[in-house]
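S.K.: quick one, what's the 3D model for this:
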Amino acid sequence: MPLNLGNIAQQATQMAIDFRHQERQEGPELAKRLLRETDPAELVDRLDNWPESAAWLMAKPLGELNAAIPAQTLPANFSVVSPDGSTKGPDRHWPVRYFILNTGAVLLTYGSSPPADMQSREQFCFQEQDLYVPAVRRSQPVQGAILEIKMIVEELRALLQMARQAPPPVVALTDGVIILWGLDGVDHEVRMEFLAPFLDTLDGFRDAEIPIANYISLPNAHDVVNSLRLAVCERRAGDCPSCQGATDGPLPCHKLTGVADRQVFDDLPRGHRSDCFASSVRI
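M.R.: Okay, the predicted model is just below:
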């Protein structure tokens, strides 16, 4: 069927109108006001006593809510390492099972002597102990989400190896969040198969005094905003599911629905950061 561009144009115009309306909504400004006016100690107390029935993840402030902390002066010489990797998963049409891991890392050195280095390692995995987790029971094939988790762990190991070779001081940067989301839906045995080496590798960064940080180009997290919803919650019992349809008008917390954390902190001066927050993600 041909695409009717006339109908698409009408709907695109309506999308632009709706977007401008969303930009004018009061949610982001309310969130910024709450960030300025909320007592972090009281918010932490509410978070600690809030039942698990809340339907959203919340971030616990570890300092001030409205802090603007300037970046420290960079050293004259420093190194940055970052991982890169790819996978080729098992193909069910092949008579034998296998997958390929390609893990690597890049080193960039800044300052008076700015060399660069790249390393990679290819793994062709076809043996029984590689294809299943745990291998002795053949319970979970390494594919899909489990293969992605294995890739993350192997990337982190390659990153630590490169970071240890880098001229200090060195910082390790990864793309995205270091949270093994896929482990939340697997059994304990499979979880520990990957979580144990993952945490061991993070311990290696800590022991080497190499900070590891994540970069997200357009974060869409709402954890801080979700915490601010508690600051305006009128139901002290914290029974969030019971609020659905419980009142005739919108509740104060509803005004913050859809506001992203990045909108709350977009007034930070250039080169400044917020204070730190602790994640409530179970995994």
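S.K.: just to be sure, Ala41 is in a helix?
M.R.: Yes - assessed with DSSP: H, G, I helix; E, B strand; the rest coil, Ala41 lies in a helix.
S.K.: that one: neighbour count?
M.R.: By other C-beta atoms under 10 Å, 9 other residues sit near Ala41. All C-beta spots, glycine's among them, are computed from the backbone N, C-alpha and C.
S.K.: okay, helices next: where are they in this protein?
M.R.: Assigned by DSSP state H, the chain shows helices spanning 5-23, 27-37, 40-48, 128-131, 145-165, 188-207, 223-231, 261-264.
S.K.: list the buried residues for the fifth one?
M.R.: Of the residues in helix 145-165, 146-147, 149-163 count as buried by neighbour count, 16 or more other C-beta atoms under 10 Å.
S.K.: how about the third one?
M.R.: Along helix 40-48, these residues count as buried under the neighbour rule (16+ other C-beta under 10 Å): 40, 43, 46-47.
S.K.: any chance of the residues you listed in CSV, plus distance to Gln72 and pLDDT?
M.R.: Listed next are those as CSV, based on distance: C-beta to C-beta, whole Å; pLDDT from 0 to 100:
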residue, distance to Gln72, pLDDT
Pro40, 23, 93
Leu43, 28, 91
Arg46, 33, 86
Leu47, 29, 87
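S.K.: any regions of the stretch 101-250 of the chain where pLDDT drops low?
M.R.: Within the stretch 101-250 of the chain, the segments meeting pLDDT under 70 span 134-139, 235-250.
S.K.: go again with 80.
M.R.: Residue ranges of the stretch 101-250 of the chain with pLDDT under 80: 128, 134-139, 177, 182, 184-188, 233-250.
S.K.: end to end, how far does stretch 177-194 reach?
M.R.: 16 Å (C-alpha to C-alpha, to the nearest Å).
S.K.: ok, the residue sitting nearest the centre point of the chain - contacts?
M.R.: By C-alpha atoms, centre = their mean, the mean C-alpha position of the chain lies nearest to Val177, the distance being 3.0 Å. Residues in contact with Val177 (C-beta atoms under 8 Å, 6 or more residues apart in numbering) are 214, 216.
S.K.: of all the helices of the chain, which lies closest to Ser82?
M.R.: Ser82 lies closest, by C-beta to C-beta, to one member of the helices of the chain: helix 145-165, at 7.3 Å.
S.K.: now the closest one - C-alpha only, CSV.
M.R.: Provided in CSV are the C-alpha atoms of helix 145-165 (Å, rounded to 0.1, in the frame of the first residue of the first chain):
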residue,chain,number,x,y,z
ALA,A,145,19.8,-11.2,27.4
ILE,A,146,22.2,-13.7,29.0
LEU,A,147,24.6,-13.2,26.1
GLU,A,148,24.3,-9.5,26.5
ILE,A,149,25.2,-9.8,30.2
LYS,A,150,28.2,-12.0,29.4
MET,A,151,29.3,-9.3,26.9
ILE,A,152,29.1,-6.6,29.5
VAL,A,153,31.1,-8.6,32.0
GLU,A,154,33.8,-9.4,29.4
GLU,A,155,34.0,-5.8,28.3
LEU,A,156,34.5,-4.7,31.9
ARG,A,157,37.3,-7.1,32.3
ALA,A,158,39.0,-5.9,29.2
LEU,A,159,38.5,-2.3,30.4
LEU,A,160,40.2,-3.1,33.7
GLN,A,161,43.2,-4.7,32.0
MET,A,162,43.7,-1.7,29.8
ALA,A,163,43.2,0.7,32.7
ARG,A,164,45.9,-1.0,34.7
GLN,A,165,48.4,-0.4,31.8
